[in-house]
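Colleague: Need coordinates for the below:
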Amino acid sequence: HMKTTLDHVDDTTFSLMTLDGKEYKIEPADVTICCAWTPTMELEIYKRGNQKYCKALATGATIRIK
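Modeller: Predicted coordinates:
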């Protein structure tokens, strides 16, 4: 599991950017979940099986990423 910090979510390109410059593609069905996330929110990136996930540690909400 890797912890990182959210920079912003782009709901037009279905992507999430972190402050360390990484970009993750969001599953389109999960965009409504992470659109409420705010910059500087702490995130945890992890993999289970073949699927990667991003979890907002403040709320526990989890989305699927690529």
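
Colleague: for the chain, what spans make up the strands?
Modeller: 2-10, 15-18, 23-25, 42-48, 51-56, 62-65 (DSSP state E).

Colleague: who touches the longest one?
Modeller: Where contact means Cβ atoms under 8 Å, 6 or more residues apart in numbering, the residues beyond strand 2-10 that reach it are 15-20, 22, 26, 31, 34-35, 37-46, 56-57. (Glycine included, C-beta is placed from N, CA and C.)

Colleague: mind listing what the closest residue to I26 other than its chain neighbours touches?
Modeller: In space, and not counting its chain neighbours, I26 is closest to F14: 4.7 Å by Cβ to Cβ, 6 or more residues apart in numbering. Shown in contact with F14 (Cβ under 8 Å, 6+ apart): K25, I26, E27, P28, V31.

Colleague: If you rank every helix and strand of the chain by mean pLDDT, what lands last?
Modeller: helix 31-34 (a mean of 94; mean pLDDT, DSSP states H and E).

Colleague: Would you mark the buried spots in that one?
Modeller: Neighbour counts over helix 31-34 (16 or more other Cβ atoms under 10 Å) mark V31, I33, C34 as buried.

Colleague: For PyMOL, write a command that selects the buried ones of the contacts of strand 2-10.
Modeller: Per 16+ other Cβ under 10 Å, the buried members of these correspond to this PyMOL selection:
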select buried, resi 15+16+17+18+26+31+34+37+41+43+45+56
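
Colleague: any idea how far the residue nearest to the spatial centre of the chain lies from E27?
Modeller: Taking Cα atoms, centre = their mean as the criterion, C54 is the residue nearest the geometric centre of the chain, at 4.4 Å. C54 sits at a distance of 10 Å from E27 (criterion: Cβ to Cβ, to the nearest Å).
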